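Participant: Provide a 3D model corresponding to the input given below.
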Amino acid sequence: RIADVSYPSIQRALTWLRDHCDSPVEFDRAANRWVLRDPHFTLPLTDPDAQDLSAVLFAEALLAPLADEEITARLRRLAEQMDAEIRERGRAPSDAARPGTLVATLTTGSRTDPSILTVLFGAVAKQVVKIRYASPWSRDGGSRIHEVEPWQLRLHDGNMYLRAYSRSHKQPRSFRVAQIEGAEVVEGLTPRESVPPPDKIWGDHDPAFGIDEDRPGVAVLRVRAPVARWVHHNVWDPGQEDVWIEEGELLERRVAYRSCRELAWRLLSLGDAIESIEPAELR
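Facilitator: Numbering: from 1, shown residues only. Just a heads-up that it's a prediction; the model follows:
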């Protein structure tokens with residue numbers, strides 16, 4: 001009961017709702033009381049509804065092939081707790097999703113250490129991090145130490161990447177998180193580079209069509225059906241050009257790429273359906 005709660009406790013609760021939950025709670029000076037501007041506002045963890053549960057189930061399915069079991073287990077427990085809370089309150093519609101309803105798979109997913117993720121999440125735009133990075137392209141296969149200023153993390157084609165300003169290289173760099181073997185905040189150092197605008201963090205291109213950068217160029221390939229008909233419905237780049245050399249049977253695709261090795265990974269999946277590839281370096 002409100003009469004049993006002290007004013008400081010109420011004040012702390014209101015501050016928590018406003019600052020930590022981003023709730024539309026405001027003080028109405030004319031009425032001399034606190035008001036909730038949005039009557040439909042709810043706290044997903046304490047008053048979940050079917051849509052909140054669906055969002056958590058989607059997140060669990062999305063991360064399952066990518067993240068460590070510890071991360072997905074936490075999401076699974078959260079989904080189970082929300083499901084139980086919804087049903088205990090008698091608010092579950094007949095078509096409400098249940099834990100285990102949605103699953104996901106990836107052919108080339110990679111596992112990510114949750115302790116490294118925690119460091120990177122906390123450091124974005126505010127701390128300097130020292131990472132031990134095992135580059136797949138180094139000839140000796142060893143790890144190197146980099147001091148970086150994290151800008152953003154991105155899930156891309158089954159892998160998680162970190163975009164950061166590398167103090168070691170004095171320029172922005174992209175790092176595959178699965179290759180980061182260790183990460184720790186460097187005490188006493190603060191970022192000296194400003195985080196770019198959201199559409200420039202990954203450079204002057206759309207990262208959906210390539211995170212890596214390696215010998216950019218334009219590829220021309222011919223693919224034989226039925227794989228050709230499958231490729232024709234897949235967008236590799238907004239500027240790609242498709243021409244049917246033999247209608248429905250032999251497709252020629254011309255597509256620009258930022259990374260020779262990244263496109264090569266994609267082409268490997270097409271196997272012997274590929275009849276020809278240019279330039280030579282892609283072959």
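
Participant: Could you measure from Arg261 over to Leu117?
Facilitator: 25 Å (Cβ to Cβ, to the nearest Å). Bear in mind the C-beta positions are built from the backbone N, C-alpha and C, glycine included.

Participant: So which of the two has more stuff around it?
Facilitator: Between Arg261 and Leu117, counted using other Cβ atoms under 10 Å, Leu117 has the larger neighbour count: 20 against 15.

Participant: Please report how far that one lies from Trp34.
Facilitator: From Leu117 to Trp34 the distance is 37 Å (Cβ to Cβ).

Participant: quick one: contacts for Glu278?
Facilitator: Ala219, Val220, Leu221 (Cβ atoms under 8 Å, 6 or more residues apart in numbering).

Participant: Can you verify my assumption that the second one contacts Arg254?
Facilitator: Yes - contact between Val220 and Arg254 holds when scored by Cβ atoms under 8 Å: they sit 5.1 Å apart.

Participant: out of the contacts of Glu278, which are inside strands?
Facilitator: Members of the contacts of Glu278 lying in strands (criterion: DSSP state E): Ala219, Val220, Leu221.

Participant: Look up which residues are beta-bridged to the last one.
Facilitator: Read it as Leu221. Leu221 has these beta-bridge partners by DSSP bridges: Arg253, Ile277.

Participant: Surely it and Ile277 touch.
Facilitator: Yes - contact status for Leu221 versus Ile277: in contact at 4.8 Å, counting by Cβ under 8 Å.

Participant: any residues in contact with both of those two?
Facilitator: Going by Cβ under 8 Å, 6+ apart, residues that sit against Leu221 and also against Ile277 are Leu267.

Participant: Just among the ones in strands among the contacts of Glu278, which is most surrounded?
Facilitator: Highest count within those by other Cβ under 10 Å belongs to Ala219, 22 neighbours.

Participant: Tell me how far that one lies from Glu252.
Facilitator: 11 Å.

Participant: any shared contact partners between those two?
Facilitator: In contact with both Ala219 and Glu252: no residue, using Cβ under 8 Å, 6+ apart.

Participant: Turn the ones in strands among the contacts of Glu278 into CSV, including pLDDT and distance to Leu57.
Facilitator: Converted to CSV, the ones in strands among the contacts of Glu278 look like this (pLDDT from 0 to 100; distance: Cβ to Cβ, whole Å):
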residue, pLDDT, distance to Leu57
Ala219, 95, 39
Val220, 97, 43
Leu221, 95, 39
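
Participant: Nearest to Asp157, out of these: which one, please.
Facilitator: Among the ones in strands among the contacts of Glu278, Ala219 lies closest to Asp157 (Cβ to Cβ), at 17.2 Å.

Participant: Can you report how many residues lie near the nearest residue to that closest one once chain neighbours are set aside?
Facilitator: Of all residues not flanking Ala219 in the chain, Val255 sits nearest, at 5.4 Å (Cβ to Cβ, 6 or more residues apart in numbering). The number of residues packed near Val255 is 20, by other Cβ under 10 Å.

Participant: repeat for Glu149
Facilitator: Glu149: 24 neighbours (other Cβ under 10 Å).

Participant: what are the ranges of the helices in the stretch 1-150 of the chain?
Facilitator: With DSSP state H, counting those that start in this stretch as the criterion, the stretch 1-150 of the chain has helices at 7-19, 50-63, 69-88, 114-123.

Participant: The last one to helix 69-88, inter-axis angle?
Facilitator: It stands for helix 114-123. If you take axes from the mean of the first three to the mean of the last three Cα atoms, to 10 degrees, helix 114-123 sits at 80 degrees to helix 69-88.

Participant: just the second one next, same as before
Facilitator: Computed by the same axes, to 10 degrees, the angle separating helix 50-63 from helix 69-88 equals 160 degrees.

Participant: Return the set of buried residues in helix 50-63.
Facilitator: Ala50, Asp52, Leu53, Ser54, Val56, Leu57, Phe58, Ala59, Glu60, Ala61, Leu62, Leu63 (16 or more other Cβ atoms under 10 Å).

Participant: can you give me how far stretch 199-206 is from the chain middle?
Facilitator: In terms of Cα atoms, centre = their mean, to the nearest Å, the centre of stretch 199-206 is found 15 Å from the chain centre.

Participant: no, scratch that, I was asking about stretch 261-273
Facilitator: With Cα atoms, centre = their mean as the basis, stretch 261-273 stands 24 Å off its chain's centre.

Participant: ditto for stretch 182-199
Facilitator: 19 Å.
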